[in-house]
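Asker: Starting from these lines, generate the structure:
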Amino acid sequence: MNNKTNKDKTQQIEEKIILNGSASANFEKKFFKSSTLRLSKIYSITSQRQKYLMVILIGMIIGFLTLIFLKNTGLYSMGVTALTQGLSRIITSAMVLNNVNKEVVNIVSEFTFWFFILFVNAPLLFFAKKYIGNQFTFLTLAYLLTSAIFPFSISFIPGIQDILLFGNIKSEVFTNLQNITLLTWDKLDSGKVISLFFYSLAFPFTSVMLYTIVYALGGSTGGSDIVSIYYLKIKLKSLGKILIIINFFCVIIGSFIGSYLSIGLLEKNWNYQNFFSPNLVCSIINFSIFGFLLQILYPRFRMSSIKVFGQNIEKINEHLDSIDCIHSRTISKAMGSYSKKEQYILEMYITIIELGPIIKEIRKIDENAFIVINKNIEIDGNLSFPVFLR
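Answerer: Numbers count the residues shown, from 1 in each chain. The predicted structure follows:
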């Protein structure tokens, strides 16, 4: 029986390996795994407790990274967060200008920097609960609360605001500022601009995978994410280009309020170069790289086609029906070029993020199925999506 099984497997391999028009005399079997499936385990998590624990942990980590790479360096985050950061800095600058106690200024600075974003997101969360769903809304809320409360609670640890991994970025031109960090293009700050550039690279490269996991779990980081995912649900289209424009203007406005106006009020220095500062340029670099990496890691509605070759195509098709795989499928006949025997091929069109769960189901029926994935396709027509993708 074992000899017959081994013979059948050998024949299957021979049918798939053709070199220069004939079967290779010497070959070895290798298993190739699609890089697209890197997050398949995340997509398949069903435990709500596990999802919330992961989102809370990620919120803590991203909050810490924001403190170290953005707040301590004077860089601005993406989207509406940049606006709230700018408002925080102008408020504390006005307090300094009016000789408010330094400790009070520090408390207000930390509170507004971390919690203004919650007030902005409140109406968006109500909108999300109505039009997107409870799970999405509460996972987003869990992230927002954690990413604000944790860094706020540790921001009062002595010395934590002085943690600068890539060197000092305190300006040699503006030396008496409180709660505002801004570099200039002056030669005195030239060496520190290079350090700031490395900070603008550090945040996207250390945080983008964490953001991706939050999205894959079914939540978001709030703000423009909520609008984006709503649009994806209704129109099945990406707002990628629009969000880049929104992020750009949010950073511009946030920097204008939090840096240019703040410096103008405190130093009576209204030089236009304080607006087009290294902090603004590096903030734009920060969110641009982040958006580019996110598009690679989380292609939410990018389409792909999948072809399955094997001896159990009918059973695979029945199994996909049994688990309510709603995509239409095509089964066709083909002839093996070496064995001259008929074989069947199942073909279907799905989103890239469905690949992991669907291939897992196919392997349950036929672990030796040969699967071909094409990630570079476009669809013109209606296509239904499972609930977990919405």
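
Asker: Could you break this protein into its assigned domains?
Answerer: 41-297, 302-385 (automatic domain parsing).

Asker: Just name the most buried of those domains.
Answerer: Across those, the average number of neighbours (mean count of other Cβ atoms under 10 Å) peaks for domain 41-297, which reaches a mean of 18. All C-beta spots, glycine's among them, are computed from the backbone N, C-alpha and C.

Asker: On the three-state scheme, residue 363 is what?
Answerer: Classification of residue 363 into helix, strand or coil gives helix, according to DSSP: H, G, I helix; E, B strand; the rest coil.

Asker: Oh, that last question was meant for residue 331, not what I typed.
Answerer: Three-state secondary structure (criterion: three-state DSSP) places residue 331 in strand.

Asker: what's across from it in the sheet?
Answerer: Taking DSSP bridges as the rule, residue 331 bridges to residue 346.

Asker: who's in contact with it?
Answerer: Residue 331 makes contact with 313, 314, 317, 344, 345, 346, 347 under the criterion Cβ atoms under 8 Å, 6 or more residues apart in numbering.

Asker: Skip the chain neighbours and tell me the closest residue to the first one.
Answerer: I take that to be residue 313. Distance criterion Cβ to Cβ, 6 or more residues apart in numbering; nearest residue to residue 313, sequence neighbours excluded, is residue 344 at 3.9 Å.

Asker: does residue 344 count as helix, strand or coil?
Answerer: Reduced to three states with three-state DSSP, the structure at residue 344 is strand.

Asker: For the residue nearest to the spatial centre of the chain, give its distance to residue 319.
Answerer: Most central in the chain under Cα atoms, centre = their mean is residue 212, positioned 3.3 Å from the mean C-alpha point. In this structure, residue 212 lies at 29 Å from residue 319, with Cβ to Cβ, to the nearest Å as the measure.

Asker: re earlier: could the domains of the chain go into a markdown table alongside mean pLDDT?
Answerer: Written out in a markdown table, the entries for the domains of the chain read as follows (pLDDT from 0 to 100):
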| stretch | mean pLDDT |
| --- | --- |
| domain 41-297 | 84 |
| domain 302-385 | 76 |
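
Asker: Tell me the secondary structure at the residue nearest to residue 189 when sequence neighbours are not counted.
Answerer: Closest residue to residue 189 in three dimensions, ignoring its sequence neighbours and counting by Cβ to Cβ, 6+ apart: residue 183, at 4.7 Å. Secondary structure of residue 183, reduced to three states by three-state DSSP: coil.

Asker: Surely residue 183 touches residue 276?
Answerer: No. In this structure, residue 183 sits apart from residue 276 without contact. The criterion is Cβ atoms under 8 Å, and the distance is 11.7 Å.

Asker: Can you name the element that comes right after the helix ranked longest in the chain?
Answerer: When secondary structure is assigned using DSSP state H, the longest helix within the chain turns out to be helix 102-131. For helix 102-131, the succeeding helix or strand toward the C-terminus, using DSSP states H and E, is helix 134-154.
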